[in-house]
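[1] A predicted structure for the sequence below; I have some questions about it.
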Amino acid sequence: MGRLFGTDGARGVANTELTIELAMNIGRAAAMVLTSKEVEHPTILIGKDTRLSGDMLEGALIAGLCSVGANVKLLGVVPTPAVAYLVKKYGADAGIMISASHNPFEFNGIKIFSSQGYKLPDELEEKIEAIILDGAEPYTIPAHEGLGTVETIETAADEYVEYVASTVDFDLTGMEVALDCSNGSSSRTAEKLFTKLGAKVHMLFDAPDGVNINTNCGSTHMETLMAYVKEHNLQAGLAFDGDADRCLAVDENGELVDGDFIIAILAEDLKSRNMLKNNAVVGTVMTNMGFNKFCENNGMKFVATAVGDRYVLEEMLKNDYNIGGEQSGHVIFLDHATTGDGQLTGAHLLSLLNRRQEKLSSLAKLMQRYPQVLINVKISNEGKAKFKTDEVVKEANERITATLGNRGRILVRASGTEPLVRVMLEGEDYDEISALAQEMADIVKERLG
């Protein structure tokens, strides 16, 4: 893990951890690392979600970028995948998204995209960190006429909606669905997109006020959507996170359909139409064991990466795979997008249902989910630094692994975006893995909390 960048950009509490000085310097250093020395005025796009601190950090990034000669194009409130798409469409040198994704409003973050719309690899983030933290090279100071300019793109959200709609080959006419926008970025785009595709939509949590993003709503709080879909006899519901790069679904019975199930449904459909590249699907070490079994039963290869959609993407690019993602709802359709895109995922899932005239509950039966327990343990910064070397934690992990044998597994990892250690157990016996997960969580808390 980098010193500033985690698995999904630089992130922290706005104005105390993620300060305007840090944001300004990230802008400066990013422009220097990502642009050619021959380009006098590189173009950088900036998008943001609906957090109160977004304007403040946007201003700091603008100052940093313009101070090293970069021209800035402001996209306003847009989903993260809109930045990834538009950076290529506009021929920009880089894109920046201001968002802390699914985290509470007091957090914010800075995600950077290359000119090709991909999240930055570790080595480029490390170069940016070295300039900011180590003074690896001085900031560029152009002459007065070399300063950058700022332009606002009013059509950014609509251009993104048009693009996503163009990727869907069977519309949603006749469908009635609920959309939980998490009071985030999709509040600007989801109703337009799904209405354009022909669905009748019920909008939930689409009134952002700067502080209500992700508050008891969205893909991390599914309860309201689950109840709403069942109560109103809808065909499905979709929930996005704060920056709309995730999507989870709810079937017509109000039951959760998580990212593993969504990927399984979409992958099986691609395979049935001879569109699954290299007959493989990419997931992570957190992917449910039931997904591995699904792939075995359907003659597909399953490839697991480290947690984080950036690592899923790297594997997909390396071996020419076209679908992959995470249980959390990050799904990457490499045929259409360079990053996880919640609304694109949701649109393709609903299109599949309408084309095949099947219920989501029926399609979800193609995979059996192994019982899984996840406990998030809050730890100190010192604890996070000691996590990989603590012998007591390591011994407990090995002991529980031996106890489970081939009946399950344990995965203990530090979060890349929060001060947490995540303890995940999976297995055939829920009571057994629950007890073992709590045992491990108690040890982690005692040693690292």
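    Done, it's in.
[2] can you show me the strands along the stretch 251-400 of the chain?
    256-257, 280-284, 301-305, 323-325, 331-333, 372-378 (DSSP state E, counting those that start in this stretch).
[3] right, so of these, which gets closest to Asp93?
    With Cβ to Cβ as the measure, strand 331-333 is the member of the strands of the stretch 251-400 of the chain nearest Asp93 (23.0 Å). Yep, even glycine has a C-beta here, placed from its N, CA and C like the rest.
[4] can you point me to the longest helix in the protein?
    Scanning the chain for the helix with the most residues, using DSSP state H, yields helix 430-448.
[5] packing partners of that one?
    Secondary-structure packing of helix 430-448 (3 or more Cβ pairs under 8 Å, 6 or more residues apart in numbering; DSSP states H and E): strand 372-378, helix 381-386, helix 391-404, strand 408-414, strand 420-427.
[6] and of the strands of the stretch 251-400 of the chain, who's closest to Pro81?
    Comparison of those against Pro81 by Cβ to Cβ identifies strand 331-333 as nearest, at 9.6 Å.
[7] flag the shaky bits of the stretch 1-150 of the chain, pLDDT-wise.
    1-2, 36-38 (pLDDT under 70).
[8] same thing but 80
    Along the stretch 1-150 of the chain, the model assigns pLDDT under 80 to residues 1-2, 6-8, 35-40, 144.
[9] show me where it has helices.
    Assigned by DSSP state H, counting those that start in this stretch, the helices in the stretch 1-150 of the chain fall at 20-34, 54-67, 80-89, 122-134.
[10] re earlier: comparing the strands of the stretch 251-400 of the chain, which yields the minimum mean pLDDT?
    If you rank these by mean pLDDT, strand 372-378 sits at the bottom with a mean of 91.
[11] in that one, what's buried?
    Residues of strand 372-378 classed as buried by neighbour count (16 or more other Cβ atoms under 10 Å): 372-373, 375, 377.
[12] same check on stretch 322-341?
    Buried, per 16+ other Cβ under 10 Å, within stretch 322-341: 322-334, 336-341.
[13] chain center to that stretch, what's the gap?
    The chain centre lies 9 Å from the centre of stretch 322-341; the measure is Cα atoms, centre = their mean, to the nearest Å.
[14] can you check stretch 9-19 too?
    From the chain centre to the centre of stretch 9-19 is a distance of 18 Å (Cα atoms, centre = their mean).
[15] buried ones in the longest helix of the chain?
    432-433, 436-437, 440-441, 443-445, 447-448.
[16] least confident pick among those?
    Among the buried residues of helix 430-448, Leu448 has the weakest pLDDT, 85.
[17] distance of the closest residue in space to that one that isn't next to it in sequence relative to Ala100?
    Distances taken as Cβ to Cβ, 6 or more residues apart in numbering put Gly383 closest to Leu448, at 3.0 Å, once the chain neighbours are dropped. Counting by Cβ to Cβ, to the nearest Å, the gap from Gly383 to Ala100 is 22 Å.
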